[in-house]
Structure formats: structure tokens, C-alpha cells
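Peer 1: just to be clear, the model below is a prediction. Sequence and coordinates:
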Amino acid sequence: MTNEEFIETYRGGHALQDPEVTLELQDFVMTTGLWDGFFKAGGDINLHNVFCSEYIDWIQANKRNTILGIDHFHHVCMTAGTSEAFQMFMMRHNNRKFKFFKGDFMMHKVASNIMQNDWSWIYEAGEVTADSAVIISCPFSDFGSEHPQMEELLNICDSWNVPVLIDMAYFGMCHDIEIDLSHKCIEEVTFSLGKTFPIIGARAGMRLQKTDVDDPVLFANQHGIVNNFGAMIGLTCIESWDSDFIVRKYKDTQLQVCDALGVEATKCIIFATSEKEEWQTLNRGNKSSRLCIAEDIIIHHDKDCN
């Protein structure tokens, strides 16, 4: 393997392939009797509601992060990961100019282009104006921690009445994150289990909103036209492993891997950052470059356990 190929193995961001989780999910899919009533023309109209209810409880039971104001969001829908919620938000506010911090989820750029939305990357919170709309991840995708300008951004959006979507797809594998969701500008918050567990293809996500919005996601949820397979797999995950499981099991190994690579650990278990030149090909537009160390963590953890 060349050095360039070695560096490329740290690109992207995906869940840890935890052996315990993988085996239990495989066993569940092969042996569960719950599939007996699954293949019905009418479907199970309530399964996604059970998933969302238990998912919220799972989030609120977390002991390693501080999330304030989640009780302000009374309207809940199951979504296909977080991306479906992003698309609905973009369609609803397509008369606004979208702002994304450099280094955030690249799908925002792709979706904005295909929708022909006016959009731009920003580097400073002050670049947001009254006609903006904002999507920002927490933990921030490029840093593995809160964006240092997040609170300033939310205060500006409060003053301008700028709608904001908070993407919390990495919740479940992070620690010491603090966020106050009670800001009036925050219209919705999204979560997904596809980054915490190796179930990205199940598309088990959730959208929380302060006000009911009549859109395709709400319609699908009201009529049971949802991914019940994803709901079933998602329920299995949150009923089998608590929201502190990944951090509790792998935080020490993350630190060991980062020490071996000479990079900085972040608050998100799968990510590390570095300002060293050798990692520049992974740079997403900020001072430091982001590495996904998920595979190294599993390898090192397995060695330590054997």
C-alpha cells in the first residue's frame, strides 16, 4: 500500500463495525419471529411511532452529553436517516439563501445544486443574513465537537428569525457535547442511528419539530408509508444497547489509536483531527484535517481483548 492509499483509508465517516452488535443484528434478522406479521398489504401503521418514542427516551437517557430544550419539540416523524429531513427543509425554505459552515455534510451542497437553491459555504457566523436558512451539525462533522461559532450563529439566527436545522446524526458516539435546542430559530432537529450502529442501509432516522409542517414526511408517517424494516432494526439497537454504549466501550481505544497516529482525539469516537501536512489530502476546508479512525479502533480493541 502506498502512502497515498494509506491516507485514503481514513477518508469519510462511518459507524464502528462492533462485533457484538453485528452478530446480534445478524441473528435478529435471521431468527426473529416478529417478521410473521411484517409482510401485510396494510403494513404496521404504529411501528414507526413506537420507534420514535423509544428513540427519544434513548437520547434523553444519555449521561455523557447535555442536550437542553429537546422537550420543546412535540412533533416527531420517522425519516430515512437524516437526509430526508434535510431535503424537506430545503424545499420548504427554497426562497432563502442557504448557509453551511465549510466542512459540514457534503450532501447539503449536492442537494442544493439539484434543487437550484441559492447557497454558500460560510466561515464566520456573521455571514448569515435575514434572508438565510441554516443547517449545521452537532457535533460538527469536520471537528467532532461543537462548532466554536455555534452559539454565536444561533444568537444571530434568533435575532434575524432565520430558520435553522440541527443535524445530530453523530449523537450516540459522542461525549461532552453541550447544546441548547431552546433557541427560537431552531425549527427542527434530526437524529440517525446509522452513524452509531452499522445499520446505515436501514435508514433509521427521526425528525423533531416545534410546529407541525404538512409535508411528504408527515403524510407518510400519518399513513404508515414508512420504512418499517428500519424501524424494527432501529428498535432492536436502542433496546439492546444504551446511548452511552459506544463511548463507554471505545473511548480509551480511541485515545490509544490517536496516540499511535500522532493525531488529536475528538469528542466523537470515530473522528480524529490533525494540522500536519501528511493528512492534507483529507482536508475539508478548515485549519485541521479530519480522519475517520473507526477501522483502527476495532482492530486495536480486538487485539487488546485477545
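Peer 2: Arrived safely.

Peer 1: state the pLDDT value of V263.
Peer 2: Per-residue pLDDT puts V263 at 98.

Peer 1: hmm, E278 and it touching each other?
Peer 2: No: between V263 and E278 there is no contact under CB atoms under 8 Å: 9.9 Å. For glycine as for every other residue, the C-beta is placed from the backbone atoms N, C-alpha and C.

Peer 1: show me the shaky parts of the stretch 151-300 of the chain.
Peer 2: By pLDDT under 70, the stretch 151-300 of the chain has no low-scoring segment.

Peer 1: quick one, helices of it?
Peer 2: With helices called from DSSP state H, counting those that start in this stretch, the stretch 151-300 of the chain shows them at 216-222, 228-240, 245-261, 294-305.

Peer 1: neighbouring contacts of the second one?
Peer 2: By CB atoms under 8 Å, 6 or more residues apart in numbering, the residues outside helix 228-240 that reach it are 21, 24-25, 28-29, 34, 38, 43-44, 47-48, 50-51, 54-55, 58, 78, 80, 193, 196-197, 199, 202-204.

Peer 1: just the buried ones among these, please.
Peer 2: 21, 25, 43-44, 47-48, 51, 55, 58, 78, 80, 193, 196-197, 199, 202-204 (16 or more other CB atoms under 10 Å).

Peer 1: now, those residues that are in strands?
Peer 2: Secondary structure from DSSP state E places M78, A80, A204 of these in strands.

Peer 1: turn those residues into a markdown table, columns for distance to A15.
Peer 2: Output for those, formatted as a markdown table (distance: CB to CB, whole Å):
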| residue | distance to A15 |
| --- | --- |
| M78 | 19 |
| A80 | 16 |
| A204 | 12 |
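
Peer 1: so where do the strands sit in the stretch 1-150 of the chain?
Peer 2: For the stretch 1-150 of the chain, the strands defined by DSSP state E, counting those that start in this stretch cover 66-68, 75-80, 97-101, 118-122, 132-137.

Peer 1: pick the most buried one from those strands.
Peer 2: With neighbours taken as mean count of other CB atoms under 10 Å, the strands of the stretch 1-150 of the chain reach their highest mean count in strand 132-137, at a mean of 26.

Peer 1: the inter-axis angle of it versus strand 97-101?
Peer 2: 30 degrees (axes from the mean of the first three to the mean of the last three CA atoms, to 10 degrees).

Peer 1: and the contacts of strand 132-137?
Peer 2: Residues contacting strand 132-137 (CB under 8 Å, 6+ apart): 86, 89-90, 93, 96-101, 104-105, 108, 128, 147, 150, 153, 157, 160, 162-170.

Peer 1: buried members of the residues you listed into ChimeraX, please.
Peer 2: Selecting only the buried entries of the contacts of strand 132-137 in ChimeraX, with 16+ other CB under 10 Å as the criterion:
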select :86,89,90,93,96,97,98,99,100,101,104,105,108,128,147,150,153,157,162,163,164,165,166,167,168,169,170
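
Peer 1: phi, psi of the residue nearest the centre of the chain?
Peer 2: Nearest to the mean C-alpha position of the chain, by CA atoms, centre = their mean, lies A169 at 0.9 Å. Backbone torsions of A169, given as degrees, to the nearest 10, read phi -60, psi -30.

Peer 1: pull the contacting residues for it.
Peer 2: G81, T82, S137, T190, F191, S192, G194, K195, G205.

Peer 1: just R11 next, same as before
Peer 2: Counted by CB under 8 Å, 6+ apart, R11 has contacts L282, C292.

Peer 1: please repeat the previous calculation with a cut-off of 10 Å.
Peer 2: Listed by CB atoms under 10 Å, 6 or more residues apart in numbering, the contact set of R11 reads T281, L282, R284, S289, R290, L291, C292.

Peer 1: beta partners of R290?
Peer 2: T273 (DSSP bridges).

Peer 1: number of nearby residues for it?
Peer 2: By the criterion of other CB atoms under 10 Å, R290 has 27 neighbours.

Peer 1: does it touch D142 like I think?
Peer 2: Yes: R290 lies in contact with D142 (CB atoms under 10 Å); the separation is 5.3 Å.
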